[in-house]
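1. prediction below, plus the sequence it came from.
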Amino acid sequence: MADTTAFLDAVKAGYTFKGESFRLGSAMLDGHVVPGADVFIPFRTLNRHGLIAGATGTGKTKTLQVLAEGLSDASIPVLLMDIKGDLSGIAAEGALNDKIKERYQLLNMTYQPAAYPVELLTLSQQKGARLRATISEFGPVLLSKILGLNDTQGGIVAMIFKYCDDQKLPLLDLKDFIKVLQFVADEGKAELEKSYGKISTTSTGTILRKVIELQQQGADVFFGEKSFEVDDLMRINQDGRGVVSIVRVTDLQDRPKLFSTFMLQLLAELYAVSPEEGDLDKPKLVLFIDEAHLIFQEASEALLQQIETIIKLIRSKGIGIYFCTQNPMDVPASVLAQLGLKVQHALRAFTAADRKMIKQTADNYPETSFYKTEELLTQVGIGEALVTVLNEKGIPSPLVHCMLASPRSRMDILTEAEIDQVVSKSRIAAKYNEVIDSRSAYEILTEKLEAAAQQEEEKKETAKKEKPAPKEKGFFDDPVVKSMTRTAGNTIIRSLLGVLGLGGRKRR
């Protein structure tokens, strides 16, 4: 049996922080909660990102909910990617039951039901404020990476953006980009090649196919106006709590390309708009990405590099990003290395591949003399997890087996009526749900081509009018009459020559 006193001292030393923090739960040893071994999470290092992992049904989503509540209470805005549709309950109070009562007694904590200020957002036609972005905001580099283009194709995309800037052609949605691409490959090819260089028809065809592939995943609903403003994600409620913005993306589970497109654009926009902050006492925004494997599932090498770069740099903007996934190996090693806080729920070992993955996972955690990490990973109970965080100096805290506090908001979804009520109280839904179809590249080029076609038609009509009218054919203009006249004339001439003795051959 492990030394309880030494364990308690190690936990207190590792989880006592100078700045503000909130309590996640209590450390366990030999399967039991150790009184006084409280596990805290420091706000100061929450911009160092994190991972919540574990098999299905082990409590990942509830952990995410607890973290979101603690952040909101500390006046930190939260953004949740709700791909399973089970996070909306944060907007309603929880209810005490026997299991929760027993858990809070073990943790020596008081359960206080609470509803949190929630803003529902959507990428599609679901209820909530619509999230959109324009093609122009993506820019040629990001769009090329999303489409998985090579350097030549990416160069053509950059040329299209340059042409549209020079000609004042706004690129707002996919139909704008497709129209310009078709124009570049056909009617406008000669015009563009004069100023921007040769254009390969093969390359434009490839780009068009990739855009249509993205369109088939429903990207039309995401591209357009009005663009979402980052400031609307960083709001503090009137009672001083951070607003929890929930992006309802339940209809994107089978459209990973669109989900990764949205996430990359969101991260890029957050990075571009937010000023440098350095190390703040509290982050300005914390983003939780549930089912994070969907971002990396169909990502190209270039896209992964872009995500890795943003993850590395965005923490200096005071923004923390947390990935929630079943298997920690779903997250690329280069990104995993950037994640300071780790909450690891139970893993299942059904196959040899599972056992290998568990060993790899155990190797990613700090070494400890109190646990056999590889064995413990398969024995952790529901609502429990292995936890390690970064302290103020950026040093990982000791690994602990932690019993987690349960959420104080509802651990179930809102009803349709409750969702309607949340949306009706929204301060931003009316701002973003208005349908806007501004005059952009599609309309301008369509008008230009129609005008050119009309001019060509008018030229043909004018040429017809100016051409001299053909003379009317007389009786002797008829080919048959002409032939008969020639024959009759020849017969008369031959007869006359015969009379004069000048025609035909003489007989001897």
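-> Here it is on my side, so go on.
2. so, low pLDDT: which residues of the stretch 151-300 of the chain?
-> Filtered on pLDDT under 70, the stretch 151-300 of the chain yields the residue ranges 298.
3. check for me that Ile419 belongs to a helix.
-> Yes: according to DSSP: H, G, I helix; E, B strand; the rest coil, Ile419 belongs to a helix.
4. partner strands of the longest strand anywhere in the chain, with direction?
-> Across the chain, the longest stretch assigned as strand under DSSP state E is strand 32-42. Sheet pairing for strand 32-42, assigned by DSSP bridges, gives strand 21-29 (antiparallel).
5. tell me which residues in the partner strand are buried?
-> If you call a residue buried by 16 or more other Cβ atoms under 10 Å, then strand 21-29 has these buried ones: Ser21, Phe22, Leu24, Gly25, Ser26, Ala27, Met28, Leu29. Placement of C-beta: from N, CA and C, glycine included.
6. with stretch 294-310 instead?
-> Going by 16+ other Cβ under 10 Å, stretch 294-310 has these buried residues: Leu294, Ile295, Phe296, Ala299, Leu303, Leu304, Gln306, Ile307, Glu308, Ile310.
7. surely the third one and Ile311 touch.
-> Okay, so that is Phe296. No: taking Cβ atoms under 8 Å as the definition, Phe296 is not a contact partner of Ile311, at 11.8 Å.
8. and Gly318, what does it touch?
-> For Gly318, the contacting residues are Asn47, Ser274, Glu277, Leu280, Pro283, Lys284, Leu285, by Cβ atoms under 8 Å, 6 or more residues apart in numbering.
9. separation between it and Ile310?
-> When distances are taken as Cβ to Cβ, to the nearest Å, Gly318 and Ile310 turn out to be 14 Å apart.
10. got it, and Thr45?
-> In this structure, Thr45 and Ile310 are 19 Å apart, going by Cβ to Cβ.
11. ok, Gln125 next?
-> The spacing between Gln125 and Ile310, counted by Cβ to Cβ, is 29 Å.
12. hmm, Ile90 and Ile246 touching each other?
-> Yes: look at Ile246 against Ile90 with Cβ under 8 Å: they come within range, at 7.1 Å.
13. look up phi and psi at Leu120.
-> Backbone dihedrals for Leu120, given as degrees, to the nearest 10, come out at phi -90, psi 130.
14. tell me the confidence at the residue nearest to it when sequence neighbours are not counted?
-> Counting by Cβ to Cβ, 6 or more residues apart in numbering, Leu120 lies nearest to Gly128, which is 3.6 Å off, once chain neighbours are set aside. Note on Gly128: pLDDT of 89.
15. can you pull the contacts of Gly128?
-> Taking Cβ under 8 Å, 6+ apart as the definition, contacts of Gly128 comprise Glu119, Leu120, Leu121, Thr122, Arg248, Val423, Ser426, Ala429.
16. how many neighbours does Leu147 have?
-> For Leu147, the number of neighbouring residues by other Cβ atoms under 10 Å comes to 21.
17. which residues touch whatever helix or strand Arg209 lives in?
-> Taking DSSP states H and E as the definition, one finds Arg209 inside helix 201-216. Where contact means Cβ under 8 Å, 6+ apart, the residues beyond helix 201-216 that reach it are 146-149, 152-153, 156-157, 174, 177-178, 181-182, 184-185, 257-258, 261.
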